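In: Provided below for reference: sequence and predicted model.
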Amino acid sequence: FNTNKYVIADGLHRLSILLFKNIFKEEIPLKYLKIKNNNCFYFVIYEHGIQYKNDICKEIENANIRIDETYNTELPTSKFKEFIMDIYPDTNKKHIIDKNKYIIKNSKNKEKVKACIILVSISKWNVMDKKCKEIELVKRKIRNLYNPKFEDINKQHHPLEKGVSHNHVIHSIDHPDEFISIYNILYSYKKFIL
C-alpha cells in the first residue's frame, strides 16, 4: 500500500524469460499470475452520477480511501448491459438485471452511455456483514447524497435514508477478493476508455 505498486514476490525470473522470448508480446495474461491483494477495491459511477464525479471523489478521499486511478468510459448502448454484467461479481444474472433496471432502461434511448471506473485502496479496513466497512459506508453516503429521490419522501429502501431511491449512482465491490476482475474489464473495454 505504501509504495502503491504490485511487487512480484515469486516467479520474476520465469516471467522475465517469457517476456524476453516474446511469448507475451503485449501484456501478461492475468490467468498466469496469482495476485495477492488485501486492500484494493473499485467503484463505478454510472451516467446519472457523472455530473457529481468530483464531489463523489472528494467523499471517497474524505473517507481515507486513496484513489489510485480513474477511467472515464463512453460505451455504446449495445455494450452497456454487457458492461453491467461484467462489473458485478454475482453470477445471478437475473438479480443483476433487476438491481440495475433503472440504469439499463435509461441507457436504451441513448447512443452512448458514460461511466467512470475508480480504482481505490485502503491501508487498513474492517469487516461489516462480510463487506469492507469503509467502502460500504462511503458508498451509502454517496448514494444518500446523489441517488435519484422518490416522489414520496417517506418511502425508504434500507439501508438508505428516507426518500432516497435504490437507483444507484455508484457501484462497488464488497471485498478485495473481487478486485482482480477489474483488469479483465479494463482490457475488454479499453477502446471505450476516453
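Out: Received it, and whenever you're ready, just let me know what you need. Just so it is clear, the structure is predicted and the values come from calculations on it, not from any experiment.

In: If you count neighbours, what's buried in the helix or strand L137 falls within?
Out: Here L137 sits within helix 133-146, counting by DSSP states H and E. For helix 133-146, the neighbour count (16 or more other C-beta atoms under 10 Å) marks E134, I135, E136, V138, K139, K141, I142, R143, L145, Y146 as buried. For the C-beta atoms, the positions are set from N, CA and C on the backbone; glycine is no exception.

In: Next up, the contacts around K133.
Out: Going by C-beta atoms under 8 Å, 6 or more residues apart in numbering, K133 touches W125, N126, V127.

In: Strands along this structure, start to end?
Out: With DSSP state E as the criterion, the chain has strands at 40-46, 66-76, 112-121, 127-128, 131-132, 170-172.

In: now those strands in TSV, with mean pLDDT?
Out: Converted to TSV, the strands of the chain look like this (pLDDT from 0 to 100):
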stretch	mean pLDDT
strand 40-46	96
strand 66-76	96
strand 112-121	96
strand 127-128	92
strand 131-132	94
strand 170-172	95
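
In: Mind putting those strands into JSON lines with distance to N92 and mean neighbour count?
Out: Formatted as JSON lines, the strands of the chain follow (distance: least, C-beta to C-beta, whole Å; neighbours: other C-beta atoms under 10 Å):
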{"stretch": "strand 40-46", "distance to N92": "18", "mean neighbour count": "23"}
{"stretch": "strand 66-76", "distance to N92": "23", "mean neighbour count": "16"}
{"stretch": "strand 112-121", "distance to N92": "21", "mean neighbour count": "21"}
{"stretch": "strand 127-128", "distance to N92": "22", "mean neighbour count": "12"}
{"stretch": "strand 131-132", "distance to N92": "17", "mean neighbour count": "20"}
{"stretch": "strand 170-172", "distance to N92": "15", "mean neighbour count": "22"}
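
In: I60: how many residues sit nearby?
Out: 24 (other C-beta atoms under 10 Å).

In: repeat for K191
Out: With other C-beta under 10 Å as criterion, K191 counts 8.

In: before we move on, the earlier item: I'd like the strands of the chain as a markdown table, with distance to F24 appended.
Out: What follows is the strands of the chain, written out as a markdown table (distance: least, C-beta to C-beta, whole Å):
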| stretch | distance to F24 |
| --- | --- |
| strand 40-46 | 23 |
| strand 66-76 | 22 |
| strand 112-121 | 23 |
| strand 127-128 | 37 |
| strand 131-132 | 32 |
| strand 170-172 | 31 |
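
In: so who does the residue of the chain positioned farthest from its centre touch?
Out: In terms of distance from the mean C-alpha position of the chain, K21 ranks first, at 34.7 Å (C-alpha atoms, centre = their mean). Shown in contact with K21 (C-beta under 8 Å, 6+ apart): no residues.

In: Can you give me the distance of it to R14?
Out: Counting by C-beta to C-beta, to the nearest Å, the separation of K21 from R14 is 11 Å.

In: Now do K141 against D55, distance only.
Out: 11 Å.
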